[in-house]
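attaching a predicted model along with its sequence, questions to come.
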Amino acid sequence: MAGEKIVGVAVDFSSCSRKALKWATDNIVRDGDHLVLITVQPEGYYEDGEMQLWEVTGSPMIPLAEFSDPVIMKKYKMKPDPETLDLLNTVARQKEIVVVLKIYWGDAREKICEAIDKIPLSCLVIGNRGLGKIKRAIMGSVSTFVVNNGSCPVTVVKQSDHEP
């Protein structure tokens, strides 16, 4: 148990976050580790039902078997893409790792940094959408904020220019 890491990957189920997830599973995650996918939904997505209970703390940890089930994910108003689920199921089986999803609501920058401390993570991998300088200045970069404010090692996996 002493050698197990808790590796976090920030995901929004885009091609960019899928690339970060693939990089993490190829380069960081080892047999027996825990892989925690962190996703942040905009505020307002928790208006109905039990999600109001998790507004502050985020959802409970959702095991891979449950977040692979469309019926369960519908209650969280999320739809993980099949490519990501396939990758996760394959890695979980091959490396015998524990995979869970944690959903937060609010500002992605703040909630990802909060997750680093609350879970707590050994390290975090995050994708970079490759915003230009102007868009990054106006919108702000989640990855830059997390690198500068996160309390664990953060790896940014860049999306190359020719990828969608």
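Thanks, I have the structure now.

next SSE after the helix or strand of the chain with the lowest mean pLDDT?
Lowest on mean pLDDT, DSSP states H and E among the helices and strands of the chain sits helix 133-139, with a mean of 54. Later in the chain than helix 133-139, the nearest helix or strand by DSSP states H and E is helix 142-149.

tell me the buried residues in that following helix?
Buried residues in helix 142-149, counted by 16 or more other CB atoms under 10 Å: 142-143, 145-147. C-betas here are computed from N, CA, C, even on glycine.

let me know the closest of those residues to residue 34.
Set against residue 34, the nearest of the buried residues of helix 142-149 by CB to CB is residue 146 (19.4 Å).

and the pLDDT for the closest one?
pLDDT for residue 146: 94.

tell me the contacts of it?
Contacts of residue 146 were listed using CB atoms under 8 Å, 6 or more residues apart in numbering, and they are 10, 109, 112-113, 116, 124, 126, 154.

hmm, 10 Å instead?
10, 108-110, 112-113, 115-116, 124, 126, 152, 154, 156 (CB atoms under 10 Å, 6 or more residues apart in numbering).

of the residues you listed, which belong to helices?
Judged by DSSP state H, the subset of the contacts of residue 146 located in helices is 108-110, 112-113, 115-116.

most neighbours among these, which one?
Counting neighbours by other CB atoms under 10 Å, residue 112 comes out on top of those with 25 neighbours.

any idea of the pLDDT on that one?
On pLDDT, residue 112 comes in at 96.

pLDDT of stretch 15-31, averaged?
Averaged over stretch 15-31, pLDDT sits at 94.

may I see the buried residues of it?
Neighbour-count burial for stretch 15-31, counted by 16+ other CB under 10 Å, picks out 16-25, 28-29.

just give me the neighbour total for residue 94.
Residues lying near residue 94 (other CB under 10 Å) number 10.

host element of it?
Residue 94 belongs to helix 82-95 when elements are defined using DSSP H and E.

run the chain-centre distance for the helix or strand following that helix.
Next in sequence after helix 82-95, counting helices and strands by DSSP H and E, comes strand 98-105. Distance of strand 98-105 from the chain centroid (CA atoms, centre = their mean, to the nearest Å) equals 7 Å.
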